[in-house]
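Participant: build the 3D model from these lines:
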Amino acid sequence: MTTTLPRPVLKATTSAPAPRRPRKKRDQGTTSATRSLVSPLSLRTVHGRLIYWTVLVVVVVGFTLAFVFPLYWMVTGALKSPDELAQIPPSFFPKEYDFGVYKDAWEQLQLGVFLRNTALYAGGAWLFTLAVDVTAAYALSKLRPFFGKVILGAMLATLMIPPMVLLLPTYLVAKDVPLFHFDLLNTPWAIWLPAAANGFFVFLLKRFFDSIPRELLEAAEIDGASPVRILWSIVLPVSRPILGVVSILSVVTVWKDFVWPLLVLPETDKMSISVGIASLSAQMPQNVLIASLVIASLPTIAVFFVFQRSIMAGLTAGSLKG
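Facilitator: As a prediction, this is how the structure comes out:
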């Protein structure tokens with residue numbers, strides 16, 4: 001008799017499926033680099049490259065002429081004689097280079113006095129702008145007072161008002177300050193205080209302050225730091241890019257302003273550089289007048305070339321972080 005042995009029960013073993021390989025996205029990481037107004041397919045053709053380079057050269061040359069040519073014409077015009085400036089058609093190159101005209105402009109127009117006054121006005125406006133606008137932006141961004149959004153909206157609404165509309169009320173306030181009844185005309189305060197009330201600067205600073213992590217400030221609060229201490233020790237050191245932008249814009253704005261200093265600084269010894277040159281322009285030859293304009297433009301041009309990277313970095317810092 002044969003015995004049948006029981007068959008072993010085989011348990012079904014389910015093997016884990018092999019992990020799927022992630023599919024590589026087509027052109028991953030190169031989309032933003034190759035994105036342009038002209039498709040890569042068009043650039044591969046001779047006709048597309050010809051159109052691309054033609055448009056590029058025309059745009060670059062056009063913008064260069066629009067911005068650089070006036071500076072070239074001003075610099076070379078100062079070296080020409082009055083008769084050469086009046087001739088038609090005009091000459092693109094001076095026949096004789098007379099650099100002594102810059103010395104005449106400095107002495108006859110008293111540019112040293114006007115430059116000193118303008119530096120005083122610009123420096124004071126810079127300090128007041130930082131003191132007022134930084135604290136206002138910090139309060140709106142981090143302290144978040146009641147009706148903060150309404151206050152910010154009112155500040156931004158002032159940017160929609162044409163500056164000429166605000167001249168008369170601002171002049172009346174400077175002539176007789178409400179409550180205190182001070183007359184600010186012919187004083188630097190007439191330049192400093194209106195320059196500090198700038199809604200655009202408050203908006204720029206607030207946007208940058210919004211990008212600062214809240215946890216960083218909360219850690220300082222736990223350590224017992226006051227709001228003023230947090231502003232001075234934490235917020236300001238990390239806000240150097242935007243502070244540089246606001247500083248440069250505030251100084252350049254006061255330096256090139258003409259209408260407001262003309263109204264509030266009528267005395268000759270207190271005029272800014274733009275108002276002083278305009279007031280004495282009728283008594284000077286054209287080449288001397290143009291030379292004075294070159295001298296007056298040098299500080300702002302130097303500031304632009306030195307801090308152009310800081311300007312662009314500061315303007316984009318808030319948007320990149322946020």
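
Participant: and the strands in the chain?
Facilitator: In the chain, no strands are defined using DSSP state E.

Participant: which stretches of it have low pLDDT?
Facilitator: 1-39, 42-43, 310-311, 313-322 (pLDDT under 70).

Participant: let's see it at 80
Facilitator: Along the chain, segments meeting pLDDT under 80 span 1-49, 52, 86, 98, 304, 306-322.

Participant: next one: Asp176 from Ala136, what distance?
Facilitator: Distance from Asp176 to Ala136, counting by C-beta to C-beta, to the nearest Å: 25 Å. Any C-beta I mention is one placed from the backbone N, CA and C, and that applies to glycine too.

Participant: return the residues in contact with Pro227.
Facilitator: By C-beta atoms under 8 Å, 6 or more residues apart in numbering, the contact list for Pro227 reads 142-143.

Participant: ok, now which ones touch Leu71?
Facilitator: Taking C-beta under 8 Å, 6+ apart as the test, what Leu71 contacts is 297, 301.

Participant: and it, how far from Pro285?
Facilitator: 21 Å.

Participant: returning to that earlier point: which of Asp176 and Ala136 has more neighbours?
Facilitator: Neighbour count, other C-beta atoms under 10 Å: between Asp176 and Ala136, Ala136 has more, with 21 against 12.

Participant: so what's that one closest to, chain neighbours aside?
Facilitator: Leaving aside its chain neighbours, Ala136 sits nearest to Val202 (5.1 Å; criterion: C-beta to C-beta, 6 or more residues apart in numbering).

Participant: burial measure for the one you found, as a count.
Facilitator: Residues near Val202, counting by other C-beta under 10 Å: 26.

Participant: again with Ala174
Facilitator: Around Ala174 there are 21 other residues, counting by other C-beta under 10 Å.

Participant: surely it is in contact with Ala195?
Facilitator: No - Ala174 lies out of contact with Ala195 (C-beta atoms under 8 Å); the separation is 11.9 Å.

Participant: so Leu167 sits against Val259, correct?
Facilitator: Yes - Leu167 lies in contact with Val259 (C-beta under 8 Å); the separation is 6.8 Å.

Participant: so for those two, which residues contact both of them?
Facilitator: With C-beta under 8 Å, 6+ apart, Leu167 and Val259 have no common neighbours.

Participant: for Leu143, what are its contacts?
Facilitator: Pro227.

Participant: check the gap between it and Phe208 for me.
Facilitator: Distance, Leu143 to Phe208, using C-beta to C-beta: 16 Å.

Participant: again, but for Pro82
Facilitator: In this view, Pro82 and Phe208 are 50 Å apart by C-beta to C-beta.

Participant: ditto for Pro237
Facilitator: Between Pro237 and Phe208 the distance is 13 Å, computed by C-beta to C-beta.

Participant: how many residues are close by Asp133?
Facilitator: Neighbourhood size, Asp133 [other C-beta under 10 Å]: 25.
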